[in-house]
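A.B. asks: could you work out the structure for the sequence below:
(chains A, B, C and D)
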2 protein chains.
Amino acid sequence: MNTTPTRTAVAPASHGPRVSARDRLLAAADELFYENGVNLVGIDRVIERAGVAKASLYDCFGSKEELIRCYLQGRGERRQARVRERMAQFQTPRDKILSVFDSLAETAARPNYHGCAFQRAGAEAGAGSSVKRICDDSRAWLRGQFTELAREAGVPDPQALGGQLALIYDGAAMMAYLDEDPSAPGAARAVAEQLLSQMSK
Amino acid sequence: MNTTPTRTAVAPASHGPRVSARDRLLAAADELFYENGVNLVGIDRVIERAGVAKASLYDCFGSKEELIRCYLQGRGERRQARVRERMAQFQTPRDKILSVFDSLAETAARPNYHGCAFQRAGAEAGAGSSVKRICDDSRAWLRGQFTELAREAGVPDPQALGGQLALIYDGAAMMAYLDEDPSAPGAARAVAEQLLSQMSK
DNA sequence: CTCCAAACAGACAGGTCTGTCTATTTCGGA
DNA sequence: TCCGAAATAGACAGACCTGTCTGTTTGGAG
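C.D. replies: Predicted structure coming up:
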């Protein structure tokens, strides 16, 4: 059900529902789940925000869990795009790595920042759930990027440095969220710089 | 209500209820809230685990929120004791700082580690709630310790270094939890060492 | 022994949650 | 114009949630 194109994804050009119920549900879920946590937000609030009937939600997604999965998938794809776009503006592995923290700084500076969606959803989800698996995938992707760049930079132990950079990223996201401290990503970037300068010697 | 000594805190030496209902409730809450998150665990599960009547819970604590507050307070006091004890075994500010990460490594290596209780509860709690305030207090205490030690170490900007160390601690706790990676605190300690060695030059 | 506070069991209220179901409306394409 | 898919409103079931209340039992202090 979650792969149904739902009539016309492109604009119907005239009256009728501007966007499909599926897209409105995803937009509402993205706001509500991210702002309040997936467990605290009920189906009723989502469909009310989306202006959609409950049956439509279950026709489109089949369950709340599947809606959460799709919400996180969208977040993941958008983060990947943001990070890749930033990285592409730089040449050296070192600058590409640091650009990830600039990307985080930009995101965390937004007034309605509520931390890393994958940290929060992963912590709320049960250990073996499919939601947790999606969070794990996104986390592994970012860590993999760091590790790959560390390898390209020619450091002696790319896996170790990749893990450290991912750890710093985690800490910055958490601190920016819980302490409402938008300077955290900048502090994390400074730590990363020290790690990189030390490594290159 | 939450400060009532409840009959006899010390062992009644004979039959009867070994420990007070209050203490059994706190022990049950400590396990269940920490393992599953404060929002996912209902009152009924707590009283069932504690072997206590529901009325006793509301006599002792008045509300679930107050029980959560007391649960977090206990966690905070125990963490403070652990960290202080570790730090006391070392002389230099540098070694005291690193000992905090050793303490975290020990905690995170336990099989039922579920991350930092204050990170998780703080993320689940609403922005202005009293639960969030307790989490903020514990986080501020740790950050303050780092900053104070950085000051004693004579670094040029103790606040900045204190924040960076707290950030690394956050990242290590998160990564150890979500990725089930018990090596994270060790990696964080290595980052801290680099920060400290660089600073001292 | 008597009294009182603590703890007990358990029903109950009122709300929210996920998910199902019925019956109706809307709209594009054949 | 007519059919079928998509969407609609809204009732409903069954479970769980927090919190209140009634009435009973227990055990130690005076």
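
A.B. asks: my guess is A:Asp102 contacts A:Arg189, does it?
C.D. replies: Yes - applying CB atoms under 8 Å as the test, A:Asp102 and A:Arg189 come out as touching, 7.0 Å apart. (C-beta placed from N, C-alpha, C; glycine too.)

A.B. asks: who has more neighbours, the two?
C.D. replies: Shown here are A:Asp102 and A:Arg189; by other CB atoms under 10 Å in any protein chain shown, A:Arg189 has more neighbours (21 against 16).

A.B. asks: element containing that one, please.
C.D. replies: Counting by DSSP states H and E, the element that carries A:Arg189 is helix A:184-199.

A.B. asks: now check that helix, is it near chain B?
C.D. replies: Yes - judged by CB under 8 Å from any CB of the partner chain, helix A:184-199 comes into contact with chain B at A:Ala184, A:Ala187, A:Ala188, A:Ala190, A:Val191, A:Gln194, A:Leu195, A:Gln198.

A.B. asks: quick check: pLDDT value at whichever residue of chain A sits closest to DNA strand C.
C.D. replies: Closest approach between chain A and DNA strand C, counting by CB to the nearest atom of the strand: A:Gly42, at 2.9 Å. A:Gly42 carries a pLDDT value of 94.

A.B. asks: quick one, phi/psi of it?
C.D. replies: With angles defined as degrees, to the nearest 10, A:Gly42 sits at phi -90, psi 160.

A.B. asks: most neighbours out of the residues of helix A:184-199 next to chain B, which is it?
C.D. replies: Within the residues of helix A:184-199 next to chain B, A:Ala188 tops the neighbour count with 30 neighbours, counted by other CB under 10 Å.

A.B. asks: I figured A:Arg75 hits A:Arg120, correct?
C.D. replies: No - with contact defined as CB under 8 Å, A:Arg75 does not reach A:Arg120; the gap is 10.6 Å.

A.B. asks: buried stuff in the helix or strand in which A:Ala140 is found?
C.D. replies: A:Ala140 belongs to helix A:130-152 when elements are defined using DSSP H and E. Applying a neighbour-count criterion of 16 or more other CB atoms under 10 Å in any protein chain shown, one finds A:131-132, A:134-136, A:138-139, A:142-143, A:145-147, A:149-150 buried in helix A:130-152.

A.B. asks: give me the element the nearest residue to A:Ala188 once chain neighbours are set aside is part of.
C.D. replies: Distances taken as CB to CB, 6 or more residues apart in numbering or on different chains put A:Ala172 closest to A:Ala188, at 3.6 Å, once the chain neighbours are dropped. Using DSSP H and E, A:Ala172 sits within helix A:158-178.

A.B. asks: do A:Gly122 as well
C.D. replies: Here A:Gly122 sits within helix A:117-124, counting by DSSP H and E.

A.B. asks: for the closest residue to A:Gly171 other than its chain neighbours, give me its contacts.
C.D. replies: Excluding the flanking residues, the one nearest A:Gly171 by CB to CB, 6+ apart is B:Gly171, at 2.9 Å. By CB atoms under 8 Å, 6 or more residues apart in numbering or on different chains, the contact set of B:Gly171 is A:Ala166, A:Leu167, A:Ile168, A:Tyr169, A:Asp170, A:Gly171, A:Ala172, A:Met174, B:Ala184, B:Ala188.

A.B. asks: quote the end-to-end distance of stretch A:85-99.
C.D. replies: Terminal residues of stretch A:85-99 are spaced 10 Å apart (CA to CA, to the nearest Å).

A.B. asks: just the buried residues of it, please?
C.D. replies: A:Arg86, A:Met87, A:Pro93, A:Arg94, A:Lys96, A:Ile97, A:Leu98, A:Ser99.

A.B. asks: quick check: the third one vs chain B, distance?
C.D. replies: Applying CB to the nearest CB, to the nearest Å, the value for A:Pro93 to chain B is 18 Å.

A.B. asks: same check, this time on the first one
C.D. replies: Here A:Arg86 is placed at a distance of 20 Å from chain B (CB to the nearest CB).

A.B. asks: you'd agree that residue is up against A:Ser103?
C.D. replies: Yes - at 4.7 Å, A:Arg86 and A:Ser103 qualify as touching, with contact defined as CB under 8 Å.

A.B. asks: ok, longest helix in chain A?
C.D. replies: helix A:64-88 (DSSP state H).

A.B. asks: what's the distance between A:Phe90 and A:Asp102?
C.D. replies: 10 Å (CB to CB, to the nearest Å).

A.B. asks: over to A:Ala109?
C.D. replies: From A:Ala109 across to A:Asp102, the span is 11 Å (CB to CB).

A.B. asks: quick check, A:Thr147 in contact with A:Val155.
C.D. replies: No - the criterion here is CB under 8 Å, and A:Thr147 misses it with A:Val155 at 10.0 Å.

A.B. asks: is DNA strand C contacted by the helix holding A:Gly122?
C.D. replies: No - contact of helix A:117-124 with DNA strand C (CB under 7 Å from any atom of the strand) is absent, the minimum separation being 12.0 Å.

A.B. asks: and if you look at stretch A:131-149?
C.D. replies: No - counting by CB under 7 Å from any atom of the strand, DNA strand C has no neighbours in stretch A:131-149; the shortest distance is 12.2 Å.
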